[in-house]
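J.: Quick one, what's the 3D model for this:
(one chain, ligands or ions: 1)
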Amino acid sequence: MSPQELTEQIFKKQSFLCVGLDVDIDRIPTYLLSEDDPIFEFNRAIIDATHKFCVAYKPNIAFYEANGVEGWQALEKTINYLHHEYPEIYTIADAKRGDIGNTSRMYAKTFLQDLGFDSVTVAPYMGKDSVEPFLEFDNRQAILLALTSNEGAFDFQTQQIDGEELYKKVLKTSKTWKNSENLMYVVGATKAEFLKEIREIIPENFLLVPGVGAQGGKLEDVCKYGMTKNVGLLVNSSRKIIYASESSNFAEIAGAKAEVLQQQMAEELRKL
Ligand SMILES: O=C(O)c1cc(=O)[nH]c(=O)n1[C@@H]1O[C@H](COP(=O)(O)O)[C@@H](O)[C@H]1O
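T.: Numbering: from 1, shown residues only. Purely as a prediction, here's the structure:
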């Protein structure tokens, strides 16, 4: 999907919500465990209940890989279900990959071609040749970690090198890479105060903003500093939505939680 198509969906649905499918087998309702594929059944129920209120889903690949072959099958079934039932939804493989060029090429093939995700999260640490293989696909994006939501972000990302923070170097340097128009960036909601300066470097690119909800980030702050005239934001929430209830009505409650966020987003969109 192109960023323009994603923007159209955002205005149409009055939402820039991304629901994170971080499915921990130990946290899903126990009655689902008797199903052939409990993770997929959980995802299907969550997706059916939340799709009206969001424009994107982000399965975090760690939660699938942790279940071996069965986890990978659940991931494949989930992305196929999204493609088939809700083709207007933007999909993100949160895999945080990046390696020497020929290895990255394999990661890119897996997520962007074979599984057909719209995008994949990528770590910038290994530089240009580790990221460019993810940028070669039409209407597919690499979402580069810029300033992450966690405490450890201050270990390296905000450290100054030659008078400039490392995350700013990542933003500026990445703009020089081949097909850089296919880049989006991760900025944690917990770092909203940095968004003003980030927008000076990348005024247009979409930002994936995780950390609203369970990690304490505030939607209003993210919008105040990060929103562009074309919105340019995908705000993710995972645990606060998908684990809002542990009982048999978990999907309905997840839908209600997603709707609350969607309403807040519609309010922010009215300010544009
Ligand atoms: O790339 C990400 O999505 C990501 C980057 C980041 O800086 N912080 C962050 O929390 N994430 C992911 O976003 C999701 C956040 O989940 P919740 O805190 O449960 O909403 C998890 O899948 C994280 O791996």
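J.: What's the local residue count around whichever residue of the stretch 1-150 of the chain sits closest to the ligand?
T.: Of all residues in the stretch 1-150 of the chain, residue 148 sits closest to the ligand, at 3.1 Å by C-beta to the nearest ligand atom. Every C-beta, even on glycine, is put in place using the N, C-alpha and C of the backbone. Residue 148 has 21 neighbours, counted by other C-beta atoms under 10 Å.
J.: That one is in contact with residue 186, isn't it?
T.: Yes: when contacts are counted by C-beta atoms under 8 Å, residue 148 is listed as touching residue 186 (6.3 Å).
J.: What ranges does the stretch 101-250 of the chain have for its helices?
T.: Under the criterion DSSP state H, counting those that start in this stretch, the stretch 101-250 of the chain contains helices at 101-108, 128-131, 153-156, 166-174, 195-201, 219-226, 239-242, 250-270.
J.: any chance of those helices in a markdown table, plus mean neighbour count?
T.: Output for the helices of the stretch 101-250 of the chain, formatted as a markdown table (neighbours: other C-beta atoms under 10 Å):
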| stretch | mean neighbour count |
| --- | --- |
| helix 101-108 | 16 |
| helix 128-131 | 19 |
| helix 153-156 | 14 |
| helix 166-174 | 19 |
| helix 195-201 | 16 |
| helix 219-226 | 19 |
| helix 239-242 | 22 |
| helix 250-270 | 18 |
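J.: Out of these, which is closest to residue 12?
T.: In terms of C-beta to C-beta, the element of the helices of the stretch 101-250 of the chain nearest to residue 12 is helix 250-270, at 11.0 Å.
J.: elements contacting the closest one?
T.: Packing partners of helix 250-270 (3 or more C-beta pairs under 8 Å, 6 or more residues apart in numbering; DSSP states H and E): helix 3-13, strand 17-21, helix 38-50, helix 219-226, strand 233-237, helix 239-242.
J.: if we can go back for a sec, out of the helices of the stretch 101-250 of the chain, which comes closest to residue 29?
T.: Of those, nearest to residue 29 by C-beta to C-beta is helix 250-270, at 5.6 Å.
J.: Give me the contacts around that closest one.
T.: 10-11, 13-17, 19, 28-29, 42, 45-46, 48-50, 52-54, 212, 219-220, 223, 227, 231, 235, 237, 240-245 (C-beta atoms under 8 Å, 6 or more residues apart in numbering).
J.: again, but for stretch 141-150
T.: Residues outside stretch 141-150 that contact it (C-beta under 8 Å, 6+ apart) are 3, 92, 96, 118-124, 131, 134-135, 153, 157-158, 167, 170-171, 174, 182-191, 194, 198, 206, 208, 210-211, 215, 217.
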